[in-house]
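Peer 1: coords below, sequence missing:
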DNA sequence: GTCTATAAGATGATAGAC
DNA sequence: GTCTATCATCTTATAGAC
């Protein structure tokens, strides 16, 4: 398959980036658009203007590439979450910024959250990748729990039900909102889910 | 790939079913488990104990098979929705039965909603299939809107925000709940999202 | 309606030259 | 680190016998 929609990347920019990073950039965009089984080494090579064996040199197998992809994605996401929770604002603002993380992925060429996409591909993934997908979700929920607790403590959030259950619900709603919104190629569909889900948590 | 998890189907039952139906049964299970790009005619043939050309005889191309799959799936889902909305109960009960539709798919070998899965595979689908996925979601939202209106009218439901927005949110939450729950192979994760989402709509 | 045989192209991967 | 050449296997699909 040939895909031009590599928003956020083209082979003529970031010339200082190492090949391995460029491969990860392209592969990630392809996974987020087409799924783990929807892209090939040939696709990545074509887009970067290199040959398949060059990719195998950096990532011997597709499972290796997948692991590197997940490792980098989880690290970056963890950094983004740390940046938000380390900031000074009230919990509702942090939740809005959190949803903004997902929203920005959709904005970037109508991509899906990489882990949401891999959750769909779940049964076809190598074991290590499966574990990483679960860990990503678990990390997200733990982070959300901390923010929800902060909000309850500072009085900025008021919600019935457990902190854990609420975190689970926020994550699932955002993943589902992305999934449905991207099939309509309409980001307002994401907003129409994310906004009320978060607003419903606010203290009166 | 070889998959044994064809809960709900094996080649020794339903011997009276026509081959085309058996193919659809197996292909649907595979799409729901592995995605559109995660299964092949060879997989279907192996499971049914027939040869690939027999499948091509019934469904000339994979796109044809996909169309037939969607057509049957949407029809069945529409029938299930009509059955629920045609019944006598109050809106909250109908919503619970609606969520039960999704839940039963998860129970069936940890499958994903077929359209949720195809929404992930969206960018790799033939145009007609894309349209069908969108139509499925739109049909679901329209049905939910009708139930939400019924609930408001009869006083069994009370929610802030628009009927349309609430319908969108319910669908997205359920799809996302399935997506996340299946990666943990834990149906209680689905329940922990579906229950509070629907309970929050109930009139006091 | 199902089969054998087969094709053209894709896929993940390797050997070995430069 | 990148390339050419090559690989076994898989994928979608067709021709034609039974």
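Peer 2: Right, received. Where do you want to start? Computed from a predicted structure; not experimentally measured.

Peer 1: all helices for chain A, in order.
Peer 2: Under the criterion DSSP state H, helices of chain A are mapped to A:19-34, A:41-48, A:52-58, A:62-85, A:91-107, A:114-120, A:127-154, A:163-184, A:187-199.

Peer 1: Can the last one be said to contact chain B?
Peer 2: Yes. Using CB under 8 Å from any CB of the partner chain, helix A:187-199 reaches chain B at A:189, A:192-193, A:196-197. C-beta here means a position set from N, CA and C on the backbone, and glycine is covered the same way.

Peer 1: just the longest one next, same as before
Peer 2: Yes. Shown here: helix A:127-154 in contact with chain B (CB under 8 Å from any CB) through A:130, A:133-134, A:137.

Peer 1: Dump those to CSV, plus pLDDT and neighbour count.
Peer 2: Conversion of those to CSV gives the following (pLDDT from 0 to 100; neighbours: other CB atoms under 10 Å in any protein chain shown):
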residue, pLDDT, neighbour count
A:130, 98, 19
A:133, 98, 23
A:134, 98, 18
A:137, 98, 23
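
Peer 1: Get me the contact residues on chain A for DNA strand D.
Peer 2: Counting by CB under 7 Å from any atom of the strand, the residues of chain A close to DNA strand D are A:18-19, A:49-54, A:57-58.

Peer 1: Now do the contacts for residue A:139.
Peer 2: Applying CB atoms under 8 Å, 6 or more residues apart in numbering or on different chains to residue A:139 gives the contacts A:74, A:77-78, A:81.

Peer 1: follow-up on the earlier one: most tightly surrounded among the helices of chain A?
Peer 2: Using mean count of other CB atoms under 10 Å in any protein chain shown, the stretch among the helices of chain A with the largest mean neighbour count is helix A:114-120, at a mean of 27.

Peer 1: what's next to that one, contact-wise?
Peer 2: Counting by CB under 8 Å, 6+ apart, residues outside helix A:114-120 touching it are A:28, A:31-32, A:35-36, A:69-70, A:73, A:125, A:129, A:132-133, A:136-137, A:175, A:178-179, B:35, B:112, B:116-117, B:120-121, B:176, B:179-180, B:182-183.

Peer 1: Nearest spatial neighbour of the residue of chain A found nearest chain B, chain-adjacent residues omitted?
Peer 2: With distances taken as CB to the nearest CB, chain A approaches chain B most closely at residue A:176, which sits 2.4 Å away. For residue A:176, the nearest residue in space outside its immediate sequence neighbours is residue B:176; the separation is 2.4 Å by CB to CB, 6 or more residues apart in numbering or on different chains.

Peer 1: Which single one of the residues of helix A:127-154 next to chain B is nearest to DNA strand D?
Peer 2: Each of the residues of helix A:127-154 next to chain B was scored against DNA strand D by CB to the nearest atom of the strand, and residue A:130 proved nearest at 19.2 Å.

Peer 1: The nearest residue to that closest one once chain neighbours are set aside: neighbouring residues, count only.
Peer 2: For residue A:130, the nearest residue in space outside its immediate sequence neighbours is residue A:122; the separation is 6.3 Å by CB to CB, 6+ apart. Other residues within reach of residue A:122 by the criterion other CB atoms under 10 Å in any protein chain shown amount to 24.

Peer 1: so who does residue A:122 touch?
Peer 2: Contacts for residue A:122 (CB under 8 Å, 6+ apart) come out as A:130, A:133, B:182-183.

Peer 1: Low-confidence stretches in chain A?
Peer 2: Regions of chain A meeting the criterion pLDDT under 70 cover residues A:1-16.

Peer 1: Which residues of it lie near DNA strand C?
Peer 2: The interface of chain A toward DNA strand C, taken as CB under 7 Å from any atom of the strand, is made up of A:1, A:39-43, A:52-53, A:56, A:60-63.

Peer 1: Looking at the residues you listed, which is nearest residue B:161?
Peer 2: Checking these against residue B:161 with CB to CB, the nearest one is residue A:39 at 38.4 Å.

Peer 1: And for that closest one, nearest residue in space, chain neighbours not counted?
Peer 2: Residue A:39 sits nearest to residue A:30 (CB to CB, 6+ apart), 3.7 Å away.

Peer 1: That neighbour reaches residue A:38, doesn't it?
Peer 2: Yes. Proximity of residue A:30 to residue A:38 meets the contact threshold set by CB atoms under 8 Å, at 7.3 Å.

Peer 1: ok so, going back, let me have the residues of helix A:187-199 next to chain B in CSV, adding distance to residue A:154 as columns.
Peer 2: Converted to CSV, the residues of helix A:187-199 next to chain B look like this (distance: CB to CB, whole Å):
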residue, distance to residue A:154
A:189, 31
A:192, 28
A:193, 25
A:196, 22
A:197, 20
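
Peer 1: Looking at the residues you listed, which is nearest DNA strand D?
Peer 2: Nearest to DNA strand D among the residues of helix A:187-199 next to chain B, counting by CB to the nearest atom of the strand, is residue A:189 at 29.6 Å.

Peer 1: For the residue positioned nearest the centre of chain A, give me its contacts.
Peer 2: Note on chain A: the residue nearest the mean C-alpha position is residue A:113, at 3.4 Å, using CA atoms, centre = their mean. Residues in contact with residue A:113 (CB under 8 Å, 6+ apart) are A:32, A:102, A:105, A:175, A:178.

Peer 1: ok, now with 6 Å
Peer 2: When contacts are counted by CB atoms under 6 Å, 6 or more residues apart in numbering or on different chains, residue A:113 is found next to A:105, A:178.

Peer 1: Give me the distance between it and residue A:104.
Peer 2: Distance, residue A:113 to residue A:104, using CB to CB, to the nearest Å: 11 Å.

Peer 1: near chain B, which residues of chain A?
Peer 2: For chain A, the contact set with chain B under CB under 6 Å from any CB of the partner chain comprises A:33-35, A:37-38, A:117, A:119-124, A:133-134, A:137, A:161, A:165, A:168-169, A:172-173, A:175-177, A:179-180, A:183, A:192-193, A:196.

Peer 1: For the residue lying farthest from the centre of chain A, which non-adjacent residue is closest in space?
Peer 2: Distance to the chain centre peaks in chain A at residue A:204, reaching 31.2 Å (criterion: CA atoms, centre = their mean). The spatial neighbour of residue A:204 that comes closest, neighbours along the chain excluded (CB to CB, 6+ apart), is residue A:158 at 6.7 Å.
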